[in-house]
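Enquirer: Need coordinates for the below:
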Amino acid sequence: MEVVVYLMLLIYLVHLAFLFPSSTQADNGGKLGAILDCSSRAGKEEGVAMELAIRDINKNLTLWTKCSRHGHLHAAQAARYLVNRRGVKGIIAPNSWDESSAIAEVGHQLNVPIVSLYDSTPVWATTRWPSFVQASPSTCSQMKAVASIVNSWGWRRVNVIYEDADFASSNILNHLYGALHDADVEFSALVPLSSSSHTLHEEMEKLRSGQCRVFVVHTSLGLAERIFGKAKEMKMMEEEYVWITTHSVTSMIHAVNASVISSMEGVVGVARYFPDVREDFHKKFTANFRQKYPEEKNDDPGMSALQAYDAARAVGSALNVDAQKMMEAIEKTNFQGLSGEIRFDDRKLAPANRFRIINVVGKSYRELGFWSEGLGFSTVMEDAHNSSMIILGHVFWPGGGPWSAPRGWGLETIPKPLRIGVPNGSLLEKFIKVEYDPITKQPNFSGFSIQVFTKTVAKLKYDLPHEFVALQGSYTEMVKKVQNKELDAAVGDINIISSRYEYVEFTHAYTESGLCMVVPIERRSSRAWLFMKPFTKGLWLLTILINVYNGFVIWSIEKHHCSDPKAPILAQIASLIWLAFATLFSWHGGRLHSDLSKMATVVWLFVALIITQSYTASLTSMLTLQNIEPKISSLETLKAQHAYVGYNKRSFVKDYLVTALHFNPDYIKNFTTAEDYSEAFKSGEIAAAFLEAPDAKLFVAKYCNTFTIAGPTYKVGGYGFAFPKGSVLLHDIDEALLSVFESGELKELEDSLMASQTCVDSQPQNDPASLSPQGFFVPFIFTGGTSTVALAIYYFRTRLNADSMPQHKGIWLLISLVLLKWRNHRNRFSRKVSDIDTPTDSPNV
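Expert: Sure thing, here's the model as predicted:
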């Protein structure tokens with residue numbers, strides 16, 4: 001029995017020794033206590049660093065350390081032990097809020113200053129515990145760095161895995177949510193885990209089955225090691241995955257063994273920035289750490305060691321005075337420590353605002369650059385900054401290497417193709433046409449909207465399995481189905497309007513935006529100078545010149561028969577002009593004496609017949625073609641006449657007419673097809689129809705001689721594709737759609753769309769063009785040549801008698817000059833032709 005009692009006592013003593021191990025430097029002088037997580041790498045570094053700090057300050061100081069055992073009760077017991085049994089004047093608390101708060105309560109009760117290494121204490125802590133000091137700067141700003149990383153690569157949703165250990169979890173999540181919200185990034189999933197969580201596999205399986213592949217890990221190093229090991233096992237460290245770690249993990253990345261860090265390849269981490277470690281400290285630390293913990297593979301100091309050294313130095317320098325003066329001395333601390341500036345404001349260090357960005361590569365890591373709050377990223381701390389992480393150069397991503405950034409989401413987890421709703425019963429089948437196979441009863445989808453979507457999907461960098469689903473009902477009902485997850489998207493002539501953004505998000509508009517008023521055509525004719533339009537100015541001038549020339553020829557030949565040679569010059573000119581124009585409307589053959597003049601007149605009359613008949617036909621056509629104008633030209637006219645208007649009953653137009661244009665709803669009628677509109681117009685049921693701009697253009701093209709677009713175009717959204725809010729597909733679809741725009745493929749589809757719409761009205765009565773000289777070149781040459789030949793024959797025939805007819809010498813002189821001018825003109829024309837026909841590369845040139 002005594003043996004059993006002694007054995008139980010021995011076990012109890014061993015337990016106490018294990019619970020409260022201690023180490024001392026000396027038993028005299030000032031005494032400083034420290035409570036650490038002795039089993040963690042951070043705790044080991046903190047213990048060694050504090051010992052070095054005490055030695056550097058004063059060899060008479062004593063450091064007593066106790067292990068917290070991962071619990072606030074153990075931490076509180078350890079604090080009481082250090083104060084009551086060891087007589088410490090101050091305690092350094094570990095980097096844990098539960099433990100630090102328990103120790104702070106003990107310190108408050110025993111009037112002992114408590115300096116905590118925890119970096120996210122609540123604002124009320126220093127008020128509740130006047131002897132409490134936060135010796136680690138807040139790292140909440142790191143969440144802005146995380147958000148900047150996410151935003152740099154265009155990711156719009158993230159999964160957050162965090163350790164649900166204390167109140168700080170919700171505090172840090174609030175900072176992360178605010179930073180992501182400012183960057184227009186949403187939480188896809190929030191996964192709380194504990195250090196001993198048994199549901200890790202199930203939670204990771206849920207994350208793997210989702211679309212979002214961007215993960216932010218905010219846990220302790222131990223839990224992070226388990227997470228990445230499981231992710232590696234579940235093939236979640238491959239292409240298209242993104243893993244970002246916060247300071248709590250990244251700051252200890254140097255201590256992770258090779259087997260664990262290999263499972264973290266491609267991770268991007270954020271850690272608080274600290275200056276280069278002093279060589280003397282580094283040398284002493286590595287020697288002491290290697291001696292004390294030979295099992296550790298890496299003996300370099302991390303941020304935990306630097307912060308612990310600075311904290312021990314700040315507290316140790318204030319020992320050997322009473323608690324009140326000690327607190328005052330700590331608050332006045334101001335020196336440049338290993339981790340940065342040590343200066344307390346309201347018993348807290350200033351928040352950290354500069355962070356390192358690291359990237360795990362292989363079995364090590366490299367420093368990509370830095371991020372500073374309010375400035376952004378930079379490759380060198382004091383260098384120029386940029387808001388995008390891309391400035392840091394290539395990043396090695398999980399499974400994908402440094403050449404391309406991951407999408408951040410995947411489709412292979414989608415169990416079936418996307419269900420895309422398509423409206424069945426579009427106003428114009430040119431946009432959406434749904435036909436059913438008579439045998440299989442399966443729908444076939446075609447039309448402009450389907451073509452644009454197909455070309456957009458083809459521009460994606462990955463396959464997008466999808467199937468179209470025909471739907472009845474209004475367009476708003478269809479987008480609600482997208483919101484309710486009954487559909488994955490909606491494609492068709494869906495107008496982008498603000499009210500629908502309540503349910504879905506839209507891509508860029510792929511058609512012209514606007515609402516148009518379509519009205520019947522009214523034809524009017526009022527052209528005072530219409531009689532001049534059949535001929536161009538050139539043809540009118542040429543006709544007059546040829547006419548005068550022919551009159552001159554006939555007058556010259558018939559002059560001694562039809563006029564008095566001694567008549568005044570004005571009378572002879574009047575006879576010439578009358579003779580020239582009279583031949584257009586009457587035959588003078590009975591009064592012409594010379595065969596030459598008769599020959600010239602016959603040819604001219606033939607040409608004149610062609611000209612007059614052409615003029616008559618052109619003028620008749622112009623007179624019958626009336627001026628085309630819209631029957632109603634303005635919205636105000638419709639309202640004043642209390643006219644009825646039409647709209648497509650499946651669209652948003654009625655609400656717009658009533659709300660924006662202030663139409664009386666009693667005068668608005670709905671229709672389903674283009675044919676219904678046409679019949680309503682013909683019967684006088686409506687005076688105008690309001691259609692979206694793409695529909696209006698096709699409708700007018702179909703009824704090209706009956707309807708036209710009138711009035712202004714009212715600005716509304718064009719047609720777009722609808723996706724659920726926060727859809728990871730939306731950004732890629734928008735980018736692919738812009739590629740369709742910029743490549744000219746959309747323009748080709750638009751041209752094909754308009755060309756395919758034939759006019760069902762009678763042939764359009766185009767306004768005839770005026771007749772030009774080119775159409776009468778041969779007849780004019782024929783009549784001009786005939787008249788010239790007649791005049792030449794007459795000239796040579798009478799020249800022999802010129803000496804006997806001195807009274808005609810003036811006339812023949814005039815004729816000779818005209819003929820000479822004509823010959824010179826023909827010679828110049830021949831030379832021009834010769835110049836054109838002669839090759840420029842001829843050796844004779």
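
Enquirer: Just after the helix or strand of the chain with the lowest mean pLDDT, pick out the following helix or strand.
Expert: Every helix and strand in the chain was compared by mean pLDDT, DSSP states H and E; the lowest is helix 2-19, with a mean of 39. For helix 2-19, the following helix or strand on the C-terminal side (DSSP states H and E) is strand 31-36.

Enquirer: residues in contact with that following strand?
Expert: When contacts are defined by CB atoms under 8 Å, 6 or more residues apart in numbering, strand 31-36 is touched by residues 43, 46-47, 50, 54, 61-68, 75, 78-79, 82-83, 86-94, 99, 103, 312, 315-316, 319. Any C-beta I mention is one placed from the backbone N, CA and C, and that applies to glycine too.

Enquirer: pLDDT below threshold where in the stretch 501-650 of the chain?
Expert: Filtered on pLDDT under 70, the stretch 501-650 of the chain yields the residue ranges 523-530, 559-593, 623-628.

Enquirer: and if you look at the stretch 301-450 of the chain?
Expert: The model of the stretch 301-450 of the chain has pLDDT under 70 over residues 321, 400-403, 411-415.

Enquirer: hey, where'd the strands end up in it?
Expert: Using DSSP state E, counting those that start in this stretch, the strands of the stretch 301-450 of the chain run over 334-336, 341-345, 348-349, 354-361, 364-372, 376-378, 418-423, 433-436, 443-446.

Enquirer: closest one to His508 among those?
Expert: Checking these against His508 by CB to CB gives strand 418-423 as the closest, at 17.4 Å.

Enquirer: Which elements pack onto the closest one?
Expert: strand 466-471, helix 475-483, strand 489-490 (3 or more CB pairs under 8 Å, 6 or more residues apart in numbering; DSSP states H and E).

Enquirer: May I have the strands that pair with it, each with its orientation?
Expert: Strand pairing for strand 418-423, determined by DSSP bridges: strand 466-471 (parallel), strand 489-490 (parallel).

Enquirer: which outside residues touch that strand?
Expert: If you take CB under 8 Å, 6+ apart as the criterion, strand 418-423 is touched by 432, 434, 445, 450, 453, 464-471, 475, 478, 481-482, 486-494, 650.

Enquirer: same deal with stretch 427-447?
Expert: Stretch 427-447 has contacts (CB under 8 Å, 6+ apart) with 422-426, 448-450, 468, 470, 492-493, 648, 650-651, 672-674, 691, 694-695, 698-699, 719, 753, 756-757.

Enquirer: of the residues you listed, buried ones?
Expert: By neighbour count, with 16 or more other CB atoms under 10 Å, these hold 422-426, 448-450, 468, 470, 492-493, 648, 650-651, 674, 691, 694-695, 698-699, 719, 753, 757 as buried.

Enquirer: Now intersect those with the helices, please.
Expert: In helices, defined here by DSSP state H, the members of the buried ones among the contacts of stretch 427-447 are 448-450, 674, 694-695, 698-699, 753.

Enquirer: For these, please prepare CSV with the additional fields distance to Ser499.
Expert: As requested, these are exported to CSV (distance: CB to CB, whole Å):
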residue, distance to Ser499
Phe448, 24
Ser449, 21
Ile450, 25
Ala674, 26
Pro694, 20
Asp695, 20
Leu698, 25
Phe699, 25
Leu753, 28
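
Enquirer: Tell me which two of these sit farthest apart.
Expert: Farthest pair in these, by CB to CB: Ile450 and Phe699, 19.9 Å.

Enquirer: picking that back up, out of the strands of the stretch 301-450 of the chain, flag the one nearest Glu203.
Expert: strand 354-361 (22.3 Å).

Enquirer: what's the closest one packed up against?
Expert: Secondary-structure packing of strand 354-361 (3+ CB pairs under 8 Å, 6+ apart): helix 142-152, helix 247-250, strand 268-272, strand 364-372.

Enquirer: would you put the C-alpha positions of it in PDB?
Expert: Below are the C-alpha coordinates for strand 354-361, written out as PDB (Å, rounded to 0.1, in the frame of the first residue of the first chain):
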ATOM      1  CA  ARG A 354       4.700  47.000 -44.400                       C
ATOM      2  CA  PHE A 355       4.700  43.400 -45.300                       C
ATOM      3  CA  ARG A 356       6.800  40.900 -47.300                       C
ATOM      4  CA  ILE A 357       5.400  38.900 -50.100                       C
ATOM      5  CA  ILE A 358       7.000  35.400 -50.500                       C
ATOM      6  CA  ASN A 359       6.500  32.500 -52.900                       C
ATOM      7  CA  VAL A 360       7.100  28.900 -52.000                       C
ATOM      8  CA  VAL A 361       9.200  27.200 -54.800                       C
END
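
Enquirer: ok, residues contacting it?
Expert: 139, 141-142, 145, 149, 247, 250, 253, 261, 264-273, 365-373, 377, 381, 389, 392, 395-396.

Enquirer: in the stretch 651-800 of the chain, which spans are strands?
Expert: Under DSSP E, counting those that start in this stretch, the stretch 651-800 of the chain gives strands at 668-671, 688-692, 707-714, 722-724.

Enquirer: helices or strands next to the last one in the packing?
Expert: With contacts taken as 3+ CB pairs under 8 Å, 6+ apart, strand 722-724 sits against helix 475-483, strand 489-490, strand 504-506, helix 729-742.

Enquirer: would JSON lines of the strands of the stretch 301-450 of the chain with distance to Phe663 be doable?
Expert: What follows is these, written out as JSON lines (distance: least, CB to CB, whole Å):
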{"stretch": "strand 334-336", "distance to Phe663": "74"}
{"stretch": "strand 341-345", "distance to Phe663": "65"}
{"stretch": "strand 348-349", "distance to Phe663": "64"}
{"stretch": "strand 354-361", "distance to Phe663": "59"}
{"stretch": "strand 364-372", "distance to Phe663": "56"}
{"stretch": "strand 376-378", "distance to Phe663": "52"}
{"stretch": "strand 418-423", "distance to Phe663": "25"}
{"stretch": "strand 433-436", "distance to Phe663": "31"}
{"stretch": "strand 443-446", "distance to Phe663": "34"}
